[in-house]
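with the sequence up front, the predicted model follows.
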Amino acid sequence: MSHFYGFPVADVVDVTLSADTAILADNDVIAAPQEVVGFFRVPGGTVKLHSVYLLDGDDQNQDIDIFFLNAAGNIGAENAAYSPDDTNAAMILGYVSLLAASHFTDNINSRSAYLGNINLMLKAADTTSIWVAAVCRSGTPTYTAAGLKLKLGIERY
């Protein structure tokens with residue numbers, strides 16, 4: 001990706017979350033941080049997150065927080081409580097909450113959620129990667145290993 005006369009470059013990044021496949025509880029980690037290589041244009045670069053689209057292919061319809069980290073941090077083990085220590089919490093660049101009642105729509109055999117106008121600025125560490133994780137914030141869902149798919153609408157600077 002490159003700039004055109006100094007302007008940011010818009011893109012959509014696809015991420016399939018590698019989810020835990022056992023029954024989860026409220027506040028359990030669904031998917032531990034996983035690396036998305038080449039998310040930032042340059043090491044130490046910035047990206048503006050405009051939108052998040054989540055396809056829940058398992059039709060679970062639960063509140064989910066999507067976390068963005070600037071390193072391979074530990075926010076808790078999959079299928080265990082979300083519990084980052086201070087060092088790992090400092091790696092979190094921000095998060096987006098997708099709520100079943102207000103962001104999800106029923107696709108009959110799946111659910112999808114959309115949140116736009118986020119405008120969350122994300123700054124890389126000394127890498128072009130970002131790490132993405134998911135935390136269950138309601139219910140007791142069960143996901144398949146690749147049942148959660150993200151589309152992140154971004155601008156690279």
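Yes, it's here.

going forward, measure contacts between C-alpha atoms and count neighbours the same way
Fine.

for the residue positioned nearest the centre of the chain, what are its contacts?
Taking Cα atoms, centre = their mean, the centroid of the chain lies closest to residue 66, which sits 3.7 Å from it. Residue 66 sits next to 95, 96, 97, 98, 132, 133, 134, 135 when contact means Cα atoms under 8 Å, 6 or more residues apart in numbering.

strands of this structure, residue ranges please.
Under the criterion DSSP state E, the chain carries strands at the ranges 9-17, 29-36, 46-56, 64-69, 92-98, 104-106, 111-115, 120-123, 130-136, 148-156.

ok, the closest residue in space to residue 147 that isn't next to it in sequence - contacts?
Counting by Cα to Cα, 6 or more residues apart in numbering, residue 57 is the residue found nearest to residue 147 once chain neighbours are left out, at 4.8 Å. For residue 57, the contact set (Cα under 8 Å, 6+ apart) comprises 109, 110, 111, 147, 148, 149.

hmm, try it at 10 Å
Applying Cα atoms under 10 Å, 6 or more residues apart in numbering, we find residue 57 in contact with 107, 109, 110, 111, 112, 143, 144, 146, 147, 148, 149.

buried ones only from those residues, please, as a PyMOL command.
The buried subset of these, as determined by 16 or more other Cα atoms under 10 Å, is captured in PyMOL by this line:
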select buried, resi 111+112+143+146+147+148+149
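
want to throw the contacts of residue 57 into JSON lines with pLDDT?
Formatted as JSON lines, these follow (pLDDT from 0 to 100):
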{"residue": "107", "pLDDT": "97"}
{"residue": "109", "pLDDT": "96"}
{"residue": "110", "pLDDT": "98"}
{"residue": "111", "pLDDT": "97"}
{"residue": "112", "pLDDT": "98"}
{"residue": "143", "pLDDT": "98"}
{"residue": "144", "pLDDT": "97"}
{"residue": "146", "pLDDT": "97"}
{"residue": "147", "pLDDT": "97"}
{"residue": "148", "pLDDT": "98"}
{"residue": "149", "pLDDT": "98"}
